[in-house]
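from the sequence below, what's the structure:
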Amino acid sequence: MGFQQGLSGLNASSKSLDVIGNNIANASTVGFKGSRAEFADIYAATFANSGTLAGIGARLDSVAQQFGQGNISTTSNPLDLAITGNGFYRVVDPNGSVSYSRNGQFQLDRNGYIVNGNQRLTGWPVDARSGLLNKGGVPQPLQLTVGNVGASATGASGLANAGLAMITNLDGSKPVIDRTAPPTGVGPLNVQDPSTYSDATTASVYDAQGVRHSLTFYFTKTAPNQWEVQTSFDGANPTPAMGTGTPPAQAYLYFDGNGKLDTTSNPTTNAAGFNFTTTLAAPNGATSPFTFPVSFAKSTQFGSAFGATYTQDGYADGTLTGISVDKSGIIVGSYSNSQTKVIGQVVLANFANSQGLQPLGDNRWGETFASGAANVGDPGSSNLGGLQSSALEDSNVDLTGELVNLITAQRNYQANAKTISAQDTILQTLVNLG
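Below you'll find the model as predicted:
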């Protein structure tokens with residue numbers, strides 16, 4: 001009698017219900033990947049009679065996880081990360097055991113590590129000396145420094161455009177001011193007397209301790225297309241801005257007939273005709289003097305009102321106020337002094353055979369021989385997906401489909417029970433014949 005087929009069918013349906021139930025239970029689990037029960041038939045046959053025997057049932061061949069993409073939900077936590085595409089987060093526990101996850105619910109622990117539970121997210125740290133990402137080798141647990149970013153003096157960034165860049169429009173309709181003594185002219189510049197200069201503007205600069213100072217520029221039209229530049233540091237008496245050369249010459253801005261800077265026929269400033277270097281004494285005990293270049297490279301002289309904007313590369317000390325992660329996994333810290341700083345990069349891992357990974361629970365998988373070795377790289381590179389910050393990947397379980405599968409598995413279970421009941425009825429009939 002064929003009780004074995006019915007029993008194997010009951011076992012198979014029961015396993016199918018287990019898998020479906022697990023999928024339904026994790027329909028709201030972040031980063032969960034649903035599974036599918038895969039079955040195989042069973043035959044007990046020899047070569048001679050393999051074509052004449054019925055099968056003896058079914059067996060569970062494997063429970064295969066399906067690593068399809070889940071929906072993305074946005075959150076308000078910048079350390080919530082969602083992978084869009086292939087890849088897994090590489091995480092380590094405090095003992096150094098490596099596992100892989102799609103659950104991006106990360107936060108900072110008290111030591112500054114980016115963690116999910118007790119699992120630390122790994123990536124490329126920043127070299128403390130160079131400030132550059134230290135790529136290569138084995139990814140390290142990412143630890144964010146939440147202390148102050150420090151201060152930097154104006155002109156100390158080492159960049160090509162270091163220092164102060166002043167962009168002005170000097171009103172070409174202003175009258176020429178005669179610097180000779182009264183009654184012929186107005187005499188030397190007097191900040192209390194606006195008739196002794198044409199226009200003025202103030203910029204903020206920072207010394208090596210991050211203390212802010214004011215640097216006021218006084219512009220005086222001393223001849224057609226020629227403007228004298230004098231500066232006042234922290235309200236001190238104005239002094240002529242000095243250009244380059246030996247000895248340094250007083251700085252003037254020269255313009256051509258079209259209102260553009262004249263960079264070729266300027267006899268008193270440097271070769272470019274619109275840069276000078278200022279040397280200032282810091283009164284508060286900071287490194288003194290501090291020196292930085294000042295550029296007027298984009299200044300004009302048009303017949304419109306005076307206007308001035310500026311940029312400079314110095315800044316005061318600042319504390320960490322926010323964190324952002326871009327699609328390539330680079331973590332950027334924002335500080336209270338308006339500075340930003342790269343503080344690490346998340347890496348992702350992928351496998352030749354993701355279904356060969358071993359489920360470890362807690363939304364994590366372990367590497368196995370069947371999965372192949374992990375290929376680690378930057379998000380968005382090679383066959384790795386990108387990252388989305390302030391977002392999470394939902395479970396990829398289709399709840400509607402699972403409920404339909406549940407009905408089907410239930411019917412299969414009932415049908416297999418019916419085969420056993422029918423076999424029992426037949427057997428009872430045979431016994432009664434005896």
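
make it CA atoms for all contacts and neighbour counts henceforth
Noted.

so what touches the longest strand seen in the chain?
Using DSSP state E to define each element, the chain has its longest strand at strand 212-223. The contact list for strand 212-223 (CA atoms under 8 Å, 6 or more residues apart in numbering) reads 174-179, 196-207, 227-235, 316.

which of those residues are buried? Put it as a PyMOL command.
Listed next is the PyMOL selection for buried residues among these, using 16 or more other CA atoms under 10 Å:
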select buried, resi 174+176+177+178+179+196+197+198+199+200+201+202+203+204+205+206+207+227+228+229+230+231+232+233+234+316
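
in strands only, show me the contacts of strand 212-223.
199-206, 227-233.

farthest-separated two in those residues?
Maximum pairwise distance in the ones in strands among the contacts of strand 212-223, criterion CA to CA, is 26.4 Å, between 206 and 227.

which among the ones in strands among the contacts of strand 212-223 gets closest to residue 397?
Relative to residue 397, and with distances defined as CA to CA, the nearest of the ones in strands among the contacts of strand 212-223 is residue 206, at 56.2 Å.

which residue sits closest to that closest one, ignoring its sequence neighbours?
What sits nearest to residue 206 in space, not counting adjacent residues and going by CA to CA, 6 or more residues apart in numbering, is residue 212, at 4.6 Å.

count of residues packed around the closest residue in space to residue 231 that isn't next to it in sequence?
Of all residues not flanking residue 231 in the chain, residue 217 sits nearest, at 4.6 Å (CA to CA, 6+ apart). Per other CA atoms under 10 Å, the neighbour tally for residue 217 reads 21.

residue 427 now?
13.

that's a helix at it, yeah?
Yes: membership of residue 427 in a helix is supported by DSSP: H, G, I helix; E, B strand; the rest coil.

residue ranges for the strands of the stretch 201-350 of the chain, please.
Remark: strands assigned in the stretch 201-350 of the chain by DSSP state E, counting those that start in this stretch are 212-223, 226-233, 239-240, 252-254, 275-280, 290-295, 307-312, 320-325, 330-335, 340-346, 348-350.

relative to residue 5, which of the ones you listed is closest?
With CA to CA as the yardstick, what comes closest out of the strands of the stretch 201-350 of the chain is strand 348-350 (40.9 Å).

leaving out sequence neighbours, find the closest residue to residue 289.
In space, and not counting its chain neighbours, residue 289 is closest to residue 281: 4.4 Å by CA to CA, 6+ apart.

so who does the one you found touch?
288, 289, 290.

got a winner among those for most neighbours?
When neighbours are taken as other CA under 10 Å, the top entry among those is residue 290 (18 neighbours).

separation between it and residue 210?
12 Å (CA to CA, to the nearest Å).

could you list the low-confidence segments of the protein?
Residues of the chain that meet the criterion pLDDT under 70 lie in 1-2, 44-53, 146, 242-250, 265-275, 424, 434.

give me the most central residue, it.
Centroid-nearest residue in the chain: residue 325, 2.3 Å away (criterion: CA atoms, centre = their mean).

my read: it touches residue 379, true?
No: using CA atoms under 8 Å, residue 325 makes no contact with residue 379, being 11.2 Å away.
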